[in-house]
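Enquirer: Here is the input, now give the coordinates:
(one chain, ligands or ions: 1)
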Amino acid sequence: MQDLRGGTRRSKRINDNQEAASVAAAATRCGTATRGRGRGRRAMNQDDNAKLVGPGTCGRGGRGVNLLVSPVVEKTVERLVSVGEEGKTSPLPERVQLGNSPVYKLDRKLGKGGFGQVYVGRRISGGIGSTGADAFEVALKLEHQNGKGCSSGPPFEWQVYSTLNGRYGLLLAHYKDQLGGYYILVSFFSKEFLIHCFILEKNT
Ligand SMILES: Nc1ncnc2c1ncn2[C@@H]1O[C@H](COP(=O)(O)OP(=O)(O)OP(=O)(O)O)[C@@H](O)[C@H]1O
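Expert: Below is the predicted model:
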């Protein structure tokens, strides 16, 4: 029992829970292999990826199992390019440039509303200033073209911005356009807005 847990822990170290389950199951089936730490038994070579571990792994008397040791896949980059949350299959664009706007890279997610998702857009090229559309961080609101708010064209919110943009109380919209299956609105990234939303959420 002691070593059964040890085996699972070893497998967790290579970051594969499924594999951990199969290793644990295999070890349980093998019986004797679970006792002792390798005395008289061949150790599993974890570096040898995609190798069939044949008879002998389970120790003396064990019949052995054909256990596929699959390669360890490292998750290195943050997975921003995800599938649209409403079950649509358009991946979110990694970079956004609308018209002659600067190029923004999708960064962390700020939130999700009734119709779309909002991300921080980090300016990676274009733009000479550091305010307005040239700010280093903007808010990018993405609504899928097949989403519920876009059945008859661009989101209604866009009309509001067209009419009232710049009025007191409205976040300043810089650009809006379609890209990669999404309606995208580039607007002022407001940290105060985030705090406001947080307080509202706490009090409701
Ligand atoms: N400009 C912004 N700056 C900072 N955070 C924002 C900004 N816009 C949206 N957010 C964050 O993203 C969340 C979702 O915004 P969103 O506009 O999609 O929600 P909403 O107000 O419910 O709109 P809708 O129902 O029209 O989709 C907000 O609750 C807020 O936390």
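Enquirer: burial count for G121?
Expert: Here the count is done by other Cβ atoms under 10 Å, and G121 has 28 residues near it. Every C-beta, even on glycine, is put in place using the N, C-alpha and C of the backbone.
Enquirer: Also Y161?
Expert: Using other Cβ under 10 Å, Y161 has 19 neighbouring residues.
Enquirer: Quick one: residues contacting it.
Expert: By Cβ atoms under 8 Å, 6 or more residues apart in numbering, Y161 lies in contact with L170, A173, K176, L185, S187.
Enquirer: and the helix or strand where the fourth one lies, which residues are buried?
Expert: Applying DSSP states H and E as the criterion places L185 in strand 182-188. Neighbour-count burial for strand 182-188 flags Y182, Y183, I184, L185, V186, S187, F188 (criterion: 16 or more other Cβ atoms under 10 Å).
Enquirer: circling back: tell me the one of the contacts of Y161 nearest the ligand?
Expert: Nearest to the ligand, judged by Cβ to the nearest ligand atom, of the contacts of Y161 is S187 at 4.9 Å.
Enquirer: Would you confirm that the closest one contacts L171?
Expert: Yes - between S187 and L171 there is a contact at 5.0 Å, judged by Cβ atoms under 8 Å.
Enquirer: Need the residues touching each of these two.
Expert: Taking Cβ under 8 Å, 6+ apart as the contact definition, S187 and L171 share the neighbouring residues A139.
Enquirer: Can you classify R123 by secondary structure?
Expert: strand (DSSP: H, G, I helix; E, B strand; the rest coil).
Enquirer: Neighbours of the closest residue in space to S90 that isn't next to it in sequence, how many?
Expert: Counting by Cβ to Cβ, 6 or more residues apart in numbering, the nearest residue to S90 once its immediate chain neighbours are dropped is G181, at 3.6 Å. When neighbours are defined as other Cβ under 10 Å, G181 has 17 of them.
Enquirer: Name the residues of the protein found near the ligand, please.
Expert: Residues of the chain that fall close to the ligand, judged by Cβ under 6 Å from any ligand atom: 110-116, 118, 139, 141, 157, 171, 187-190, 193-194, 197.
Enquirer: if we go to 5 Å?
Expert: Taking Cβ under 5 Å from any ligand atom, the part of the chain that reaches the ligand is made up of 110-111, 113-116, 118, 139, 171, 187, 189-190, 193-194, 197.
Enquirer: Please enumerate the strands of this structure.
Expert: Remark: strands assigned in the chain by DSSP state E are 51-53, 67-69, 95-96, 103-112, 117-125, 137-144, 173-179, 182-188.
Enquirer: tell me which residues of the longest one are tucked away?
Expert: Going back to what we said before, that points to strand 103-112. For strand 103-112, the neighbour count (16+ other Cβ under 10 Å) marks Y104, K105, L106, D107, L110 as buried.
Enquirer: so which of those residues comes closest to the ligand?
Expert: Each of those was checked against the ligand using Cβ to the nearest ligand atom; the closest is L110, at 4.1 Å.
Enquirer: With adjacent residues omitted, what lies nearest to the closest one?
Expert: Distances taken as Cβ to Cβ, 6+ apart place V118 nearest to L110, at 4.4 Å, with adjacent residues excluded.
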